[in-house]
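>>> Return atomic coordinates for the entry below.
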Amino acid sequence: MVMRGLKRNWLILSGIFLGLFLMIFPCWSAGTNFRQEINRIVEEIAHKYSLEPTLIHSIIKIESNYDPWAISPKGAIGLMQLMPTTAAQYGVRDIFDPRENIEGGVRYLKDLIRLYQGRTDLVLAAYNAGQEAVKKFGGIPPYPETIKYIEKVKASYNKPVIRTRTRIYKFIDKKGRVVLTNDRQYYLKNRRDN
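Numbering: from 1, shown residues only. Predicted structure coming up:
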């Protein structure tokens, strides 16, 4: 009787350990596969928009530490920490989807690169603090968060100028807002004069 009880307890305990192992191992494996998938997406989008993958990875690392579910206290969401209005402007339907978030962030980044003539510090300042803050201060805003952000991104991407050849469309949309985009279809569809 005692032996049967021990055997039964041992089987139950073994089952629990096996279950825990099977639960933990796929999670570890999925994390590895997720990062590989993000690397593949970044490479593809970087090529599509003629940007260096290093720049995109640097921004993702600092913005969200590769967490697609990240939400900042100010409401920025996903890997590249897009504000919902920015995401909508760049056609991002699912802001938590890694591919859509990265592509929306890269398209916005391309517009900033064009607007600030590739000057890395200003591009990063506008990406972090917003174009209005850069305009208000006539350069890098004196916000400690923005200054640290620029330093952190430049620690892995330290180039004074970012090069791009994409045309940027500047227009006033139907709500009277000034919009910058590199998407010709978005430009044609959303101009006020349509």
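>>> pLDDT of stretch 184-194, averaged?
Averaging pLDDT along stretch 184-194 gives 77.
>>> what does it rub up against?
Residues outside stretch 184-194 that contact it (CB atoms under 8 Å, 6 or more residues apart in numbering): 89, 90, 91, 167, 169, 171, 172, 173, 174, 176, 179, 181. Yep, even glycine has a C-beta here, placed from its N, CA and C like the rest.
>>> Please tell me how far the second one sits from residue 54.
Between residue 90 and residue 54 the distance, using CB to CB, to the nearest Å, works out to 22 Å.
>>> more neighbours, those two?
With neighbours defined as other CB atoms under 10 Å, residue 90 and residue 54 compare such that residue 90 has more, 22 against 14.
>>> Surely the more buried one and residue 180 touch.
No: between residue 90 and residue 180 there is no contact under CB atoms under 8 Å: 10.4 Å.
>>> Can you list the residue ranges for helices in the protein?
Assigned by DSSP state H, the helices in the chain fall at 2-48, 53-64, 84-89, 98-115, 120-129, 131-137, 144-156, 184-190.
>>> Show me the contact partners of the second one.
Outside of helix 53-64, the residues that reach it under the criterion CB under 8 Å, 6+ apart are 38, 42-43, 45-46, 66, 70, 76, 78-81, 102, 105-106, 109, 127, 149, 152-157, 162.
>>> With just CA atoms, put that helix into PDB.
Extracted C-alpha coordinates of helix 53-64, given in PDB (Å, rounded to 0.1, in the frame of the first residue of the first chain):
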ATOM      1  CA  PRO A  53      19.200  47.900 -40.600                       C
ATOM      2  CA  THR A  54      21.600  49.100 -37.800                       C
ATOM      3  CA  LEU A  55      19.600  52.400 -37.500                       C
ATOM      4  CA  ILE A  56      16.300  50.600 -37.300                       C
ATOM      5  CA  HIS A  57      17.600  48.100 -34.800                       C
ATOM      6  CA  SER A  58      19.100  50.900 -32.700                       C
ATOM      7  CA  ILE A  59      15.700  52.700 -32.500                       C
ATOM      8  CA  ILE A  60      13.800  49.500 -31.700                       C
ATOM      9  CA  LYS A  61      16.300  48.600 -29.000                       C
ATOM     10  CA  ILE A  62      16.000  52.000 -27.300                       C
ATOM     11  CA  GLU A  63      12.300  52.500 -27.900                       C
ATOM     12  CA  SER A  64      10.900  49.100 -26.800                       C
END
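>>> Excluding chain neighbours, what is closest to the residue positioned nearest the centre of the chain?
The centroid of the chain falls nearest to residue 80 when counting by CA atoms, centre = their mean (1.4 Å). Spatially, and ignoring its direct neighbours in sequence, residue 80 is nearest to residue 105 (2.9 Å; CB to CB, 6 or more residues apart in numbering).
>>> again, but for residue 87
Using CB to CB, 6+ apart and skipping the chain neighbours, the partner closest in space to residue 87 is residue 95 (4.8 Å).
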